[in-house]
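In: Structure here, sequence nowhere to be found:
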């Protein structure tokens, strides 16, 4: 039986939990996160955007949690491709906002986590594909 690798399963669970935590922060304490980035929380626009981002993070977390035991397949690859794309675009956006001065260097830890997660999934799924090809 072809099942998900332990590395993929672990990475999916950890990432889902991280995204659930991010959703809770965006929903209940967005000012804390934004203050880290040097962005003033006005309660209006930034509050609205933060609260609307929270369900997106929950949705990504749910997709990863449900895919954690899935064997390599086109469907799982699609979930991973979406996740990698999301992480790398968030990182690029964070760097861009930092470069133009919209946020402070407090965004850089988030950028590093986003790049690390994106690359980790890319390598784990790539390694599974390579192992499958060798069989």
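Out: Yep, that arrived. For clarity, every value in this text was computed on a predicted model and none was experimentally measured. Numbers count the residues shown, from 1 in each chain.
In: which SS state does the closest residue in space to residue 46 that isn't next to it in sequence fall under?
Out: In this structure, residue 46 finds its nearest non-sequential neighbour in residue 34, 6.2 Å apart by C-beta to C-beta, 6 or more residues apart in numbering. For glycine as for every other residue, the C-beta is placed from the backbone atoms N, C-alpha and C. Three-state assignment for residue 34 (DSSP: H, G, I helix; E, B strand; the rest coil): helix.
In: Residue 42 too?
Out: Using three-state DSSP, the structure places residue 42 in coil.
In: How many residues are close by it?
Out: Neighbourhood size, residue 42 [other C-beta atoms under 10 Å]: 11.
In: Can you tell me how far the one residue sitting closest to the centre of the chain is from residue 28?
Out: Of all residues in the chain, the one closest to the mean position by C-alpha atoms, centre = their mean is residue 87, 4.9 Å from it. For residue 87, the distance to residue 28 equals 23 Å [C-beta to C-beta, to the nearest Å].
In: Could you do residue 80 as well?
Out: Applying C-beta to C-beta, the value for residue 80 to residue 28 is 29 Å.
In: if we can go back for a sec, show me the contacts for the residue nearest to residue 46.
Out: Residue 34 makes contacts with 40-41, 46, 50, as judged by C-beta atoms under 8 Å, 6 or more residues apart in numbering.
In: And residue 33, how close does it get to residue 105?
Out: Residue 33 sits 15 Å away from residue 105, going by C-beta to C-beta.
In: Looking only at neighbour counts, state which of those two leads.
Out: For residue 33 versus residue 105, the count of surrounding residues by other C-beta under 10 Å is larger for residue 33: 17 against 11.
In: The more buried one and residue 26 touch, don't they?
Out: Yes: using C-beta atoms under 8 Å, residue 33 is in contact with residue 26, at 6.9 Å.
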